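1. Next input, structure requested:
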Amino acid sequence: MIGRRISGALVGLLWIASGTASAGAAGWADSLFTERVHDFGPVPRGAKVKHDFTLVNRLAEPITILNLRPSCGCTSGKASTGTVNPGQSAVIEAQMDTRNFLGLKATTLFVTLVTASGREAEVRLGVSSNILADIVLNPGSADFGAVIKGQSPTQVITIDRIGNPAWKFDRMVSASRVLTAQLVETKRDPKGVVSYALTVGVRADAPAGPIRDEIRLLSNDRETPSIPVLITGYVRGDLTAAPSVLTMGEISSADGKQGRFVVRSTRPFAITKVEGAGDGFSVAAAAPDRKNTHVITVAYRPGDGNTRGDLKRVFRVHTDLPDEPPLDLTATLHVNP
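-> Take a look at the predicted model:
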């Protein structure tokens, strides 16, 4: 138990030191983040844990999140948006997969930012954990993938503890309104093996949109009182788009290129707004009439000051369907120098 405390403290000091050392490297970009280091502390082996880093654009020009690059295959990153306008914020989610490691683990998520005027910088976001050998999650999270609206699938996660026959869970905590959960003790061996089964489900009345929630299992262990279980998925509604990702290829001339998304629904609808234009990207206005199929034309024309290289843009489509969330469409391209 003492080892757990010391290990967590050492990891925290390691990241404080690295964060201080790099503070002057990215300069203006570092100061946009409210924090750049997070220690998950003791976590079970196999668990997938996540933390949200917040970027606040305090500049007078838009910022593009150009790239997220982890230093280790056990870490991944996801941005809530590709472009952050002045005064707005974005969330960079860092996720760590502990399946293949034990003990102290510290990794870095490199975030490349570029301003509309062409300033570019790389920010280092550090995450660390102390991966325990005596508590194991299998699988480390529940990923439901695509769920058809109205269905209620379930998944089972097992939690095993070795070497502490008195260990037990007291309760579960979750702020989610779309999940169901049941925790059952399945084994208590006098030799010290304790097992639980966590059955997680998606409610049949879950609204369309992404699921990215967490269930915390609270135990009587003072050193590891809370075990997070990550739950992900996507409830598909009536709105669909083809292609899911628009690949616009290479652009070498000022003429640029364009492509099209076809947005469909089982019910007539109107497109009320499409967000994402700017920095060389434009979106043709959709027809205002209500129908089951709409075509959205996206174009890119390079101009002075626009970023070159590999670009990714997310367009958010709003409709007049009251029970459907906005639909995100992604376009990728490469702009030659």
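
2. Name the next helix or strand downstream of the helix or strand containing residue 311, please.
-> Secondary structure assigned from DSSP states H and E places residue 311 in strand 309-319. Towards the C-terminus, the helix or strand next in line after strand 309-319, according to DSSP H and E, is strand 327-335.

3. residues of that following strand that come out buried?
-> 327, 329-331, 333, 335 (16 or more other Cβ atoms under 10 Å). In this view, the C-beta of every residue, glycine as well, is placed from N, C-alpha and C.

4. now stretch 207-226
-> Across stretch 207-226, burial judged by 16+ other Cβ under 10 Å covers 208-209, 211, 213-215, 217, 219, 221, 224.

5. pLDDT of it, averaged?
-> Model confidence over stretch 207-226 averages 91 on the pLDDT scale.

6. just stretch 170-179 next, same as before
-> 93.

7. Stretch 263-279 now?
-> In this model, stretch 263-279 carries a mean pLDDT of 90.

8. Going by neighbour count, list what's buried in it.
-> Within stretch 263-279, judged by 16+ other Cβ under 10 Å, the buried ones are 263, 265, 269, 271, 274, 276, 279.

9. Filter those residues down to just the ones in strands.
-> Using DSSP state E, the subset of those located in strands is 263, 265, 269, 271, 274.

10. Checking residue 81 next. Helix, strand or coil?
-> Taken by DSSP: H, G, I helix; E, B strand; the rest coil, the conformation at residue 81 corresponds to coil.

11. who touches it in this structure?
-> Residue 81 makes contacts with 65, 90, 314, as judged by Cβ atoms under 8 Å, 6 or more residues apart in numbering.

12. Recalculate using a threshold of 7 Å.
-> 90, 314 (Cβ atoms under 7 Å, 6 or more residues apart in numbering).

13. What of residue 278?
-> Contact partners of residue 278, counting by Cβ under 7 Å, 6+ apart, are 62, 83.

14. Now do it against residue 105, distance only.
-> 39 Å (Cβ to Cβ, to the nearest Å).

15. returning to what we had before: which pair in the ones in strands among the buried residues of stretch 263-279 spans the largest distance?
-> Across these, the two members that end up farthest from each other (Cβ to Cβ) are 265 and 274, 15.5 Å apart.

16. for the chain, what spans make up the helices?
-> Read by DSSP state H, the chain holds these helices, from start to end of the chain: 2-21, 23-26.

17. ok, back up a step: out of the ones in strands among the buried residues of stretch 263-279, who's nearest residue 246?
-> Distances from these to residue 246 were compared by Cβ to Cβ; the smallest belongs to residue 263, at 12.0 Å.

18. Look up the residues forming beta bridges with that closest one.
-> residue 241, residue 294 (DSSP bridges).

19. Residue 184: how many residues sit nearby?
-> Burial of residue 184, expressed as a neighbour count using other Cβ atoms under 10 Å, amounts to 10.

20. any idea how this protein splits into domains?
-> Each structural domain of the chain that the record assigns through automatic domain parsing is listed here as a residue range: 2-133, 139-236, 240-335.

21. where among those domains is the average confidence lowest?
-> domain 2-133 (a mean of 83).

22. from the domains of the chain, which stretch is densest packed?
-> Taking mean count of other Cβ atoms under 10 Å as the contact definition, the stretch among these with the greatest mean neighbour count is domain 2-133, which reaches a mean of 17.

23. what's the distance between residue 45 and residue 218?
-> Applying Cβ to Cβ, the value for residue 45 to residue 218 is 19 Å.

24. The buried residues of stretch 207-226: which two are farthest apart?
-> Considering Cβ to Cβ, no two members of the buried residues of stretch 207-226 lie farther apart than 208 and 221, which are separated by 38.5 Å.

25. Enumerate the beta-bridge partners assigned to residue 155.
-> As assigned using DSSP bridges, the partners bridged with residue 155 are residue 200.
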